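Undergrad: One predicted model, sequence on top.
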Amino acid sequence: MKIPARVFSEVIKHLFKKPATSSYPFTPAKPAAQFRGRIDFDSSKCIGCQMCVRVCPAKAIEIPLSKEQPPAPVQVEGQPIVPAKKKFDCIMRLGSCVYCWQCAETCPKKALITTQDFELASVNRKELTRHYK
Amino acid sequence: MDSIFPSLAYLLIFPGFLFLAVYGLFLQWVDRKLCAVMQNRMGPPWFQGYADFIKLLAKEVIVPDEASGTMFRVLPFFAMAAVMTALVSIPVWGHALYSFQGDMVAVIYLLTIPTVTFFLAGWSSSSPYATVGSMRVLTQLFAYEVPLMLSLIGPAILAGTWNITEISAFFAANPSLIPAQILGFAAALIALQGKLERMPFDIPHAKNEIVGGQFTEYSGRLFGFFCLAVDMELVVGAALLNAVFLGGALGFHGAAGVAMFLGKTLFITFLLALLKVLMARIRIEQMINFCWKYLAPVAMAQVIFDIFLKARLG
Amino acid sequence: MSKITIPFGPQHPALKEPENFMLVLEGEQITSAGINLGYNHRGMEKAAEERTYLQDLYLIERVCGICSHSHTTCYITNVEELAKCETPKRALAIRTLIGELERVHSHLLWLGVAGYEMGFETLFMYTWRDREQVLDCLELLSGNRVHYSINTIGGVRRDITAEQKTEVKKRINYLMERTNYYIKLATEEPTVLARTQKVGKLPLDVAIERGAVGPTARASGLARDVRKDEPYLIYNELDFKVITHNTCDVFGRLVVRALELVESYKMIHQVIDNLPEGPIAVKVPMKIAPGEAVNHYEAPRGEDIHYLKSNGTDKPERLKVRAPTLANLQSVAYMMEGGWLADVPLVIAAIDPCMSCTDRAAVWDAKKGKTEVYSWEEMRKMGIEHYKRRGVDFSKL
């Protein structure tokens, strides 16, 4: 009979080693800098082209017009009337989002900001729909 | 045994039921933690065993319609009672509560009862997984029981007595004979691993194959008591090996004797945990092959060796 | 002895995904086995018809969690073939690199699962700990650990920097060392040999007859590998061997996968050392020219086939996925019969099954005797009605 227990030396070595696992929620986990996390929104840059809405594979984004629109800039004498820049909101459904960042890559004005947030789980369904203003 | 009270305390508090339960759950944690460390993991916190047990106590008990109700409910307590009774004859700090000539046979017999209740538990719950599991329990019983018995005979022959307390006292008086029992101790350790149904011999409840094995239909309190019985069996098994092979408390009394007991059972648990992480689970027919082809002859060799040693020593 | 029928699945600790095997047991031995599929059908092919080509990319990625890159690469090769787009060389090399890293991650995962199924938890823990290295590599290169999302139509989305190259090479060297240890361990440890040798026999002729693919076929001595037979991406420029083994059992599959790991490490080094310069993507119009395309790809589990039909719009007309597990499942029933109950999880695990890849439905109405095509809305309505009859109301979702 061949002698079993070939891992013996490896197992004994690990008795004196630090564990490879971590007690995660207590010691925070840090994703890489390139990690694809939650998408943030910068309303001042958005022009409401709806490109992100069209490319989103999960249909997680909506870009509605904001309820409160900024006032039109004061007309400068001798110049034509400048229309007010429209302000847009962003409704992001985190429960549907697949975190592919396709929207952020498509956005022509870089109004969608990429972050490394990943601890987004919630017991409250309403918290999964983020309304960025 | 002058009065009732100390005996009652022995039975119920130390080293009886309460100590056995607390220490059993503690050893379960030690075992899990050691395995985890050897597998480079964090492992559970120290209160995991107690928390699991309390959680199971609070859960609903579901008895399948098909199961035979009374038997299904009684079996876990039966297993626990048998394990606790076995401890009565095993010395913890030099002396046992009730030791008599031939108590080793009684202890082995009492330690077989939990296995039989496992079989009955699986059989009475009449689900396919449990049925297959309970058949494996019995098959496995035939594999490890003979080597275990054989390996325990060696020290008994050497000490010339069937009384566990006397065997333990014999080895405490002649500690130089302890290393001579190494083969028998190894065989007993492996057989005990099979008796406790731990990896690599967790065949009756191999989760990848037959889910929970004989315990598939058990839940809540009843399952909790079965788990507790298994943990207690670990303590009693370790205590038995300690008393028979390692000289028990080595002549110490009182607190030092108890410390000796704790230290040595922890050591045996470490060896059992080591066995657990080193190997892959084997098939039931391979287990029988192994036990009869290798383990029983090794135990037998130890017995023959002890007979000659006894003749030599006179 | 009387026969017992044991349902193995759909919910079972040995199966990570729902699938059902009905085993007829005589004692511990299996006299016959039946396989029931379809517990994991998600209507992906139908859903793909309702989305644009770019959106489908992310949908197809989610056909499978482990071979996500295989499915997207196979799909995207079809799209690029129809769009007649010249994918830059650098993009192809990066795809190959991610593909091989994925193979490493999948095979290490399998090694762990095999250890777990045979009750060798130490092997499981060690391999999964080391698998973190390759997952970190993938996170570093693509941004995600499982669904890499590195492909895009016309190229890849992320370039590789010099620091990333050295980091990946460092980790791969570490994995090389560990893998050699595992190969030594798995081929010498008697308990592993006892559990894997002569288990789940699949002779060469049966493997051919039942159309086994990937490591399952290669362990039966069938040198079938798309990477060699019909090189795609840049595999024709890489130097690697097709690993075969002639024991035709679970042990052979273990050896094949372990040695393929070593080949993959070599390939990763080759790709990183000879990464061509140039752009990583070209622009492709949203609308794809009409036509049909079929492509195959050597996923970690075997040959993955995608069929794509375009009608000139920005959405595909039809998409069909043939995942490797479907091809291998035919062999599982053969491998299980006559074996031991204890070997069932190992035999099933030995083909590295991916049920979510496999389950797709063909609608065949027996009463009317014809196939029917349902639209997405109809499917949804049918689903809601089906669950209403069972007492669950999903109509508000």
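TA: Yes, it's here. Residues are numbered from 1 along each chain as shown, chains lettered A, B, ... in the order given.

Undergrad: CA atoms for contacts and neighbours, from now on please.
TA: Noted.

Undergrad: And stretch B:242-256, end to end?
TA: 15 Å (CA to CA, to the nearest Å).

Undergrad: For chain B, what's the nearest residue on the stretch 251-397 of chain C?
TA: Going by CA to the nearest CA, chain B is nearest to residue C:342 of the stretch 251-397 of chain C, at 5.8 Å.

Undergrad: my bad, should have said the stretch 101-250 of chain C
TA: residue C:120 (4.0 Å).

Undergrad: Identify the residue nearest that residue in space, chain neighbours excluded?
TA: Once flanking residues are discounted, residue C:120 sits nearest to residue B:280: 4.0 Å by CA to CA, 6 or more residues apart in numbering or on different chains.

Undergrad: Report the contact partners of the one you found.
TA: The contact partners of residue B:280, taken as CA atoms under 8 Å, 6 or more residues apart in numbering or on different chains, are B:199-200, C:115, C:118-121, C:191-192, C:195.

Undergrad: Look up phi and psi at the residue of the stretch 101-250 of chain C closest to chain B.
TA: phi -110, psi 80 (degrees, to the nearest 10).

Undergrad: before we move on, what about residue C:295?
TA: The phi/psi pair for residue C:295 (degrees, to the nearest 10) is phi -140, psi 150.

Undergrad: Quick one: the helices in chain A, in order.
TA: A:8-14, A:51-55, A:102-106 (DSSP state H).

Undergrad: a markdown table please, covering the ones you listed and showing mean neighbour count and mean pLDDT.
TA: Formatted as a markdown table, the helices of chain A follow (neighbours: other CA atoms under 10 Å in any protein chain shown; pLDDT from 0 to 100):
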| stretch | mean neighbour count | mean pLDDT |
| --- | --- | --- |
| helix A:8-14 | 14 | 86 |
| helix A:51-55 | 18 | 89 |
| helix A:102-106 | 19 | 89 |
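
Undergrad: Of all the ones you listed, which one comes closest to residue B:135?
TA: For residue B:135, the closest of those is helix A:8-14, at 32.2 Å, according to CA to CA.

Undergrad: Report all helices and strands that that closest one contacts.
TA: For helix A:8-14, the elements it packs on are helix B:17-38, helix B:254-278, judged by 3 or more CA pairs under 8 Å, 6 or more residues apart in numbering or on different chains; DSSP states H and E.

Undergrad: Give the other helices and strands that the longest one contacts.
TA: Going back to what we said before, that points to helix B:254-278. helix A:8-14, helix B:17-38, helix B:182-195, helix B:220-245, helix C:121-142.

Undergrad: For residue B:307, which of those helices is the nearest?
TA: Going by CA to CA, the one of those nearest residue B:307 is helix B:182-195, 13.1 Å.

Undergrad: And residue C:68, how far from chain A?
TA: 13 Å (CA to the nearest CA, to the nearest Å).

Undergrad: Any residues of chain A in contact with chain B? List them.
TA: A:4-8, A:11-15, A:17-23 (CA under 8 Å from any CA of the partner chain).

Undergrad: Mind checking which of these are buried?
TA: Among the residues of chain A next to chain B, those buried by neighbour count (16 or more other CA atoms under 10 Å in any protein chain shown) are A:5-7, A:11, A:14-15, A:19.

Undergrad: Return the closest of those with respect to chain C.
TA: residue A:6 (5.7 Å).

Undergrad: Let me know whether that closest one touches residue C:185 as I believe.
TA: Yes. Contact criterion CA atoms under 8 Å: residue A:6 and residue C:185 qualify, at 6.5 Å.

Undergrad: Let me see the ranges of the strands in the chain.
TA: In the absence of a named chain, chain A is used. Ranges of strands within chain A are A:39-41, A:61-62, A:90-93, A:112-114, A:129-132, based on DSSP state E.

Undergrad: The chain in question should be chain C.
TA: Using DSSP E, the strands of chain C run over residues C:3-8, C:20-26, C:29-36, C:151-152, C:155-156, C:291-299, C:302-310, C:316-322, C:364-365, C:370-371.

Undergrad: could I get those as CSV with mean neighbour count and mean pLDDT?
TA: As requested, the strands of chain C are arranged in CSV below (neighbours: other CA under 10 Å; pLDDT from 0 to 100):
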stretch, mean neighbour count, mean pLDDT
strand C:3-8, 18, 82
strand C:20-26, 20, 85
strand C:29-36, 17, 83
strand C:151-152, 23, 89
strand C:155-156, 24, 88
strand C:291-299, 21, 89
strand C:302-310, 22, 88
strand C:316-322, 19, 87
strand C:364-365, 11, 51
strand C:370-371, 10, 56
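
Undergrad: closest one to chain A among those strands?
TA: Per CA to the nearest CA, nearest to chain A of these: strand C:151-152, 9.5 Å.

Undergrad: Name every strand pairing with the closest one and say which way it goes.
TA: Strand pairing for strand C:151-152, using DSSP bridges, gives strand C:155-156 (antiparallel).

Undergrad: can you list the residues that contact the strand it pairs with?
TA: Contacts for strand C:155-156 (CA under 8 Å, 6+ apart): C:87-88, C:91-92, C:94-95, C:150, C:280-282.

Undergrad: Let's see that with 10 Å instead.
TA: Defining contact as CA atoms under 10 Å, 6 or more residues apart in numbering or on different chains, one finds that strand C:155-156 is touched by C:76, C:80, C:85-95, C:142, C:149-150, C:279-284.

Undergrad: of the helices and strands packed on helix B:254-278, which approaches residue A:67 most closely?
TA: helix C:121-142 (38.1 Å).

Undergrad: re earlier: what's the distance between the residue of the stretch 101-250 of chain C closest to chain B and chain A?
TA: 11 Å.

Undergrad: ok, that residue to residue B:282 distance?
TA: 10 Å.

Undergrad: Identify the contacts common to the two.
TA: Among the neighbours of residue C:120, those also in contact with residue B:282 (CA under 10 Å, 6+ apart) are B:199-200, C:191-192.

Undergrad: check the residues you listed against chain A, which are close?
TA: Restricting the shared contacts of residue C:120 and residue B:282 to those touching chain A (CA under 10 Å from any CA of the partner chain) yields C:191-192.

Undergrad: For residue B:69, which non-adjacent residue is spatially closest?
TA: That would be residue B:63: by CA to CA, 6+ apart, it lies 6.9 Å from residue B:69.

Undergrad: Wondering if stretch A:23-37 reaches chain C at all.
TA: Yes. Contact between stretch A:23-37 and chain C is present through A:31-37 (criterion: CA under 10 Å from any CA).

Undergrad: out of these, which is most surrounded?
TA: residue A:36 (24 neighbours; other CA atoms under 10 Å in any protein chain shown).

Undergrad: What about the closest residue to that one other than its chain neighbours, how many residues nearby?
TA: The shortest distance from residue A:36 to any non-neighbouring residue, by CA to CA, 6+ apart, is to residue C:143 (5.5 Å). Other residues near residue C:143 come to 24 when the count uses other CA under 10 Å.

Undergrad: residues contacting residue C:143?
TA: Counted by CA under 10 Å, 6+ apart, residue C:143 has contacts A:31-37, A:100, A:116, C:136-137, C:149-150, C:158.

Undergrad: for those residues, which one is nearest residue B:126?
TA: For these, the minimum distance to residue B:126 (CA to CA) is 47.4 Å, reached by residue C:136.

Undergrad: quick one: the closest one from residue C:172, how far?
TA: Applying CA to CA, the value for residue C:136 to residue C:172 is 11 Å.

Undergrad: who touches the spatially most central residue of chain A in this structure?
TA: Of all residues in chain A, the one closest to the mean position by CA atoms, centre = their mean is residue A:38, 1.6 Å from it. Applying CA under 10 Å, 6+ apart to residue A:38 gives the contacts A:92, A:94, A:97-101, A:113-120.
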